[in-house]
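# Predicted coordinates and the sequence they were generated for:
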Amino acid sequence: MGKKSVSKGVIKDIVIVAVGVLVIWIGLQIAFGTQNPFYVVASGSMIPVLEVYDVLIVSGHEPFNDLEVGDIIVFDRPSDHNRVIVHRVASIVDEDPRTIRTKGDANPASIPGTDFPITEEEYIGKVAYTLPQVGYITQLLKPPINYVIIAVVIGIMIFKQFAKRKNEKEVSFTDPLKSENSETIEELSDIDKIEGDSEYSDPTELDNVEIDADSSELKTDETKDIKESEEERKE
């Protein structure tokens, strides 16, 4: 029963964490209007504006038709769509359909198949915010480090469940003892009171008895003397 309850508690914690992450992720997707709002800079083509391992927060709410020269955008490489590029809009090549050309700030010229032709199909979003060097964390989370972190988190959850159950058991075993001890202390205190009363009351009662006895004897002697004197007078 104990192992089952612990496993249930661990599963419950994992579900809560997973649901929380999912809710946050969906909220970010809705807020930024893209399936993946976060990208890590992997090359130096945009130095010095963007450094390697900078994290980009991309907004998909910026319409492709509203892009202007100078905007930094994220897009799929037009030649094969197997790589995500972040470059600056260099020129508007055509308006029907709208086609643009980009260029990396550190590159001497635009690269065919990479920087152009960019259409709405390749467009992912416009860079809204930059988090400098935060991408180093993603490097730390690569295998096997990410598996170690997951194992540590699960281990902490299991430890918390065991600690919680141990505390509950200690409380359940401690409370009856506390009540019994309190009753015993009360009984002992009552006995002390009784003994205290007897110590102070018994001698007093005995003294009273002795005094009463002595006084009664004195009274009887005086009565005898009076009677004898009265009889002698009568004679």
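Yep, it's here. Numbers count the residues shown, from 1 in each chain.
# Phi, psi for the closest residue to Leu131 other than its chain neighbours please.
When the adjacent residues along the chain are set aside, Leu131 lies closest to Val55, with 4.0 Å between them (C-beta to C-beta, 6 or more residues apart in numbering). All C-beta atoms are positioned from the backbone trio N, CA, C, and that covers glycine. Dihedral pair for Val55: phi -100, psi 130, per degrees, to the nearest 10.
# going forward can the numbers begin at 10, since that is how I track them
Noted, 10 is the first residue going forward, which turns the last one into Val64.
# Surely Val64 touches Val143?
Yes. Proximity of Val64 to Val143 meets the contact threshold set by C-beta atoms under 8 Å, at 4.2 Å.
# Of the two, which one has the most company?
Val64 (18 against 14; other C-beta atoms under 10 Å).
# what separates the more buried one from Thr108, distance-wise?
Val64 sits 29 Å away from Thr108, going by C-beta to C-beta, to the nearest Å.
# Check Glu131 too.
Glu131 is 10 Å from Thr108, by C-beta to C-beta.
# Tell me which of those two has more neighbours.
Taking other C-beta under 10 Å, Glu131 and Thr108 do not tie; Glu131 has more neighbours (21 against 17).
# Now do the same contact list for the more buried one.
By C-beta atoms under 8 Å, 6 or more residues apart in numbering, the contact set of Glu131 is 84-87, 90.
# So which of the residues you listed are in strands?
Among these, the ones falling in strands (DSSP state E) are 84-85.
# any chance of the contacts of Glu131 in CSV, with neighbour count and distance to Val30 too?
CSV is the format used below for these (neighbours: other C-beta atoms under 10 Å; distance: C-beta to C-beta, whole Å):
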residue, neighbour count, distance to Val30
Phe84, 24, 27
Asp85, 16, 26
Arg86, 16, 30
Pro87, 19, 33
His90, 11, 28
